[in-house]
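A.B. asks: got a sequence here, can you build the structure:
(chains A and B)
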Amino acid sequence: MSKQHITATVNGDPVEFLSEAGATLLDALRDELGLTGSKEGCGSGDCGACSVILDGRLVCSCLVLAAEAEGRRVETIEGMAEGGVLHPLQRKFIEHAALQCGFCTPGLLVAAKALLETNPDPSESETRYWLAGNLCRCTGYDKVIRAVMDAGAELRQARVA
Amino acid sequence: MSQLDFLAPTSAEEAARALAASGAEGRPLSGGTDLLVQLRSGRLKPGLIVDLKKIPGAIGIREEGGGFVIGAATPGAMLGEHPSLGRVWPGVVEAASLIGSTQIQGRASMAGNLCNASPAADSVPALIAARATCVIVGPSGRRTAPANEIAIGPGRTSLQPGEFVLEIHLPPRGRRAADAYLRSIPRTEMDIAVVGAGVSLALDADGVITEARVALGAVGPTVIVAEDAAAGLVGTRADDAAMASLDAAVRAVCRPITDKRGTADFRTKIAGVLARRVAGIAYARAKEQK
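C.D. replies: Numbering: from 1, shown residues only, chains lettered A, B, ... in the order given. Prediction:
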């Protein structure tokens, strides 16, 4: 099988790449497009380190074939900061020290962004359930949850102002 | 993986032709949450993957003839978001919603859950309790089969080469009818059922059960339809005596294995308890469905 030619939109930009039929979207992002923010933790959809938003839905990019991205819209961690300005979630993760090694952080940030876009005012319990598919082996989850809740509050405030 | 091909046809017939031509080498893809894991582990080495998601109707839920038609590749999250599906078939929606994380819910489908044929699949007992049927497309056309005829053993289905499930149909629901699903796992979520139970009930105006269906997951190689247990509920108001008989009748038909997730005795005991709880929830819901 020859490689497939895929065109998609990644973080708002049109992209083209060649992909083997068995390659995952995560492989394509990292190896073809050089977007190495999305991480491979488990490769089986358990850890969430490869989380991206595909046509508005949070998914594990390790469980999506690259060929499936044809004509679709992908948002990754690289699209989160605007220019040099960090997204409020990114700032709050730093303020709350919600990371240590950082391997799970891109996935957690993308998942948290999807949460706040779906539900701008989540309860702590809703936040914990939403992020249950993002595993962190360093910090525990309390700082992450606090950072996400705090970012949500700031985003709500910004909307009111 | 050098011989792997990928196709994303825009009609069901085209998909069936491609799958049939590939013989045992072809695999349909909807959400991919099982298929990609199997691909990666090397357990599965297909020569062709046929993505069903570009077939019209493969993703989405439509109301038809008083019931619902759910496209094979409809992700779990869409079931929960639908304005009326969860009101009419709350048990089916809660079963599908239990599967995996937010990320998995963004992709995983009930048709995939059914065709992966895991004995512990969460949505399958609920679909079988609901008397769901499947529209199957194959090289010789379309046929319909009840959901309980798809899996024939762990990882094995009755689908013939080239066949795939295109739609799941949930029948129309009368008044005073409801379903429910519960599973037992040792944690709060993100786990595989040790036992699962789906119950669907219909009541008369006096609250007497007129129809019952009980389906049990993870206590046999495929989902067990507990017919005697269901028959015992009919004519009762799900009172304590009826629930005790349900418990015993459910335990009588369980034939689970012992593994690291639970012993056969434990699973059997839990199946009775779960069936009682699920029947209680379905009964309370049915009374509210005026």
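
A.B. asks: ok, how many other residues are close to B:Gly207?
C.D. replies: 13 (other C-beta atoms under 10 Å in any protein chain shown). To be clear about C-beta, it is placed using only N, CA and C from the backbone, and glycine gets the same treatment.

A.B. asks: and the strands in the chain?
C.D. replies: You didn't say which chain, so I picked chain A. Under the criterion DSSP state E, strands of chain A are mapped to A:4-10, A:13-19, A:51-54, A:57-60, A:73-75.

A.B. asks: that's the wrong chain, I meant chain B
C.D. replies: For chain B, applying DSSP E gives strands covering B:5-7, B:26-29, B:48-51, B:61-64, B:67-71, B:133-138, B:141-146, B:151-153, B:156-157, B:164-170, B:177-184, B:195-203, B:209-217, B:224-225.

A.B. asks: who does the second one pair with, and is each partner parallel or antiparallel?
C.D. replies: Looking back up the chat, that one is strand B:26-29. Partners of strand B:26-29 in the sheet, by DSSP bridges, are strand B:48-51 (parallel).

A.B. asks: of the strands of chain A, which is nearest B:Arg251?
C.D. replies: strand A:57-60 (38.2 Å; C-beta to C-beta).

A.B. asks: rewinding a little: ranking the strands of chain A by burial, who's on top?
C.D. replies: strand A:57-60 (a mean of 29; mean count of other C-beta atoms under 10 Å in any protein chain shown).

A.B. asks: just checking: what are the partner strands of that one?
C.D. replies: Next to strand A:57-60 in the sheet, as set by DSSP bridges, lie strand A:51-54 (antiparallel).

A.B. asks: now find how far off-centre the partner strand is within its chain.
C.D. replies: 5 Å (C-alpha atoms, centre = their mean, to the nearest Å).

A.B. asks: what's the answer for stretch B:121-140, then?
C.D. replies: Centre-to-centre, stretch B:121-140 and its host chain are 6 Å apart (C-alpha atoms, centre = their mean).

A.B. asks: hmm, that stretch in reach of chain A?
C.D. replies: No - for stretch B:121-140, no contact with chain A is found by C-beta under 8 Å from any C-beta of the partner chain; the gap never falls below 15.6 Å.

A.B. asks: end-to-end on that stretch?
C.D. replies: In stretch B:121-140, first residue to last residue: 29 Å (C-alpha to C-alpha, to the nearest Å).

A.B. asks: and if you look at stretch B:141-161?
C.D. replies: 13 Å.

A.B. asks: which residues sit against that stretch?
C.D. replies: Stretch B:141-161 is contacted from outside by B:19-20, B:23-24, B:26, B:114-119, B:121, B:124, B:127-128, B:131-136, B:138, B:165-166, B:168-169, B:215, B:221-223, B:225, using C-beta atoms under 8 Å, 6 or more residues apart in numbering or on different chains.

A.B. asks: which among those count as buried?
C.D. replies: Burial by neighbour count, 16 or more other C-beta atoms under 10 Å in any protein chain shown: within the contacts of stretch B:141-161 this picks out B:19-20, B:26, B:114-119, B:121, B:124, B:127-128, B:131-136, B:138, B:165-166, B:168-169, B:215, B:221-223, B:225.

A.B. asks: can you list the residues of the stretch 101-250 of chain B near chain A?
C.D. replies: B:101-104, B:106-107, B:189-190.

A.B. asks: quick check: the residue nearest to the spatial centre of chain B vs B:Ala193, distance?
C.D. replies: Closest residue to the average C-alpha location of chain B: B:Val124 at 2.0 Å, with C-alpha atoms, centre = their mean. The gap separating B:Val124 from B:Ala193 is 10 Å, by C-beta to C-beta, to the nearest Å.

A.B. asks: what touches both of those two?
C.D. replies: In contact with both B:Val124 and B:Ala193: B:Gly217, using C-beta under 8 Å, 6+ apart.

A.B. asks: now do the helices in chain A.
C.D. replies: Listed in chain order, the helices of chain A (DSSP state H) span residues A:25-27, A:88-95, A:105-118, A:124-130, A:142-160.

A.B. asks: residues in contact with the second one?
C.D. replies: Residues outside helix A:88-95 that contact it (C-beta under 8 Å, 6+ apart): A:80-81, A:86, A:98-99, A:105, A:108-109, A:112-113, A:116, A:144, A:147-148, A:150-151, A:154-155, A:158.

A.B. asks: again, 6 Å this time
C.D. replies: For helix A:88-95, the surrounding residues in contact (C-beta atoms under 6 Å, 6 or more residues apart in numbering or on different chains) are A:99, A:109, A:112-113, A:147, A:150-151, A:154-155.

A.B. asks: closest residue of chain A to chain B?
C.D. replies: Closest residue of chain A to chain B, C-beta to the nearest C-beta: A:Gly133 (2.2 Å).

A.B. asks: list the contacts for the spatially most central residue of chain A?
C.D. replies: Most central in chain A under C-alpha atoms, centre = their mean is A:Val110, positioned 2.7 Å from the mean C-alpha point. Taking C-beta under 6 Å, 6+ apart as the criterion, A:Val110 is in contact with A:51, A:77.

A.B. asks: in space, what's closest to the residue in the stretch 1-150 of chain B that chain A sits nearest to - neighbours in sequence excluded?
C.D. replies: Per C-beta to the nearest C-beta, B:Ser101 is where the stretch 1-150 of chain B lies closest to chain A, at 2.2 Å. Using C-beta to C-beta, 6 or more residues apart in numbering or on different chains and skipping the chain neighbours, the partner closest in space to B:Ser101 is A:Gly133 (2.2 Å).

A.B. asks: where does that neighbour land on pLDDT?
C.D. replies: For A:Gly133, the pLDDT comes out at 97.

A.B. asks: tell me the contacts of it?
C.D. replies: A:Gly133 touches A:48, B:101-103, counting by C-beta under 6 Å, 6+ apart.
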